[in-house]
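[1] with the sequence up front, the predicted model follows.
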Amino acid sequence: MTVWSTAAILLATAAVAFGLSLLTRRLVRGVAFDTGPWTATLSYVATAYGIVLGFSIVFLFGEFSAARNAIGDEATSIGTAFDEAQLFPDSQAAIQHSLICYARAVPEYDWPALQDGGSSPVVDAAYSDLFVTLGESTEPTGGTFQPATATNLLAQLGNISTARETRLVAAEIQTPPLLWVLLIFGGALILVLLFIVTLPARSVPQAVLVAVSAVFTLVMLLIVIALSTPFSPGAGRLSPTLIEQTTDSMEATAPDLAALPCGTETDS
């Protein structure tokens, strides 16, 4: 969902709420309402709704933020491992090629899978190949420098795995259907109660108040939708841009290795 489409939805919501408020006001003209009980009900419902909505946003934002940081950590670990592979001249090409293949596979295969709430077996295989390559290529020698570097290189591999798992956890989080029912119908109930409570006001100011409240409620619901689908296309969602930039940097550094086919390419 783009910024313009979101703005159009909000404007349409405001117009519909404004028009319905004026129309309903005409239909109930002359009907007497005791707004006291309705005010107390509105206070209770709005408070409960705000608590549920607030906790939902805080929880989802925490997962969203963790996944966003994980993308940066994953890109950094890939780039660091690529640079450290230069300290192993005999196996540098194999290590760096495996890293390039993994970094290519993440945006191409993992992101569509994340949008569906799962992971890609192609990326699983690319990571396994990376692990095997590093395991075969970083055997310690008689010195003390290379074993320590090999340990750090394997630590970067572990960081890549941890970052990817964080992404997968964020993608698998599903907002319960009952919560969606509460958020949608609860918001609609608040607008109805707000209309009843504000009946003593003039029609146009009341319609403006209802319209503004409807837009505010919809914005909160759109935030929940965006945070609960962090890998979907659209503004403000998570993208593999940092990993793609790291891939471009590695390919520019080692163009000969970048020209070699990956296992994912031969399989496809």
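    It's in. Numbering: from 1, shown residues only.
[2] okay, now the unreliable bits of the protein?
    Along the chain, the model assigns pLDDT under 70 to residues 1, 33, 136-149, 264-268.
[3] spatially central residue for it, please.
    The centre of the chain sits closest to Pro230, judged by C-alpha atoms, centre = their mean, with a distance of 1.7 Å.
[4] so what's it up against?
    63-64, 67-68, 170-171, 237-238 (C-beta atoms under 8 Å, 6 or more residues apart in numbering). No exception for glycine: its C-beta is placed from N, CA and C like everyone else's.
[5] from those residues, pick the one nearest Leu20.
    Minimum distance to Leu20 across the contacts of Pro230 is 31.7 Å, recorded for Arg237 (C-beta to C-beta).
[6] the closest one: neighbouring residues, count only.
    16 (other C-beta atoms under 10 Å).
[7] so it: helix, strand or coil?
    At Arg237 the chain is in coil, as set by DSSP: H, G, I helix; E, B strand; the rest coil.
[8] need phi/psi at the residue of the chain most remote from its centre.
    Distance from the centre of the chain peaks at Gly30, with 49.8 Å (C-alpha atoms, centre = their mean). In terms of degrees, to the nearest 10, the main-chain angles of Gly30 are phi 90, psi -10.
[9] can you map out the helices along the stretch 51-200 of the chain?
    Along the stretch 51-200 of the chain, the stretches classed as helices by DSSP state H, counting those that start in this stretch are 92-105, 111-115, 121-137, 145-172, 177-197.
[10] quick one, the first one and helix 145-172 angle?
    If I follow you right, that is helix 92-105. Angle between the axes of helix 92-105 and helix 145-172 is 10 degrees (criterion: axes from the mean of the first three to the mean of the last three C-alpha atoms, to 10 degrees).
[11] could you redo the contacts of Pro230 as JSON lines and give each row distance to Arg25?
    JSON lines is the format used below for the contacts of Pro230 (distance: C-beta to C-beta, whole Å):
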{"residue": "Glu63", "distance to Arg25": "43"}
{"residue": "Phe64", "distance to Arg25": "40"}
{"residue": "Ala67", "distance to Arg25": "46"}
{"residue": "Arg68", "distance to Arg25": "45"}
{"residue": "Ala170", "distance to Arg25": "45"}
{"residue": "Ala171", "distance to Arg25": "46"}
{"residue": "Arg237", "distance to Arg25": "40"}
{"residue": "Leu238", "distance to Arg25": "44"}
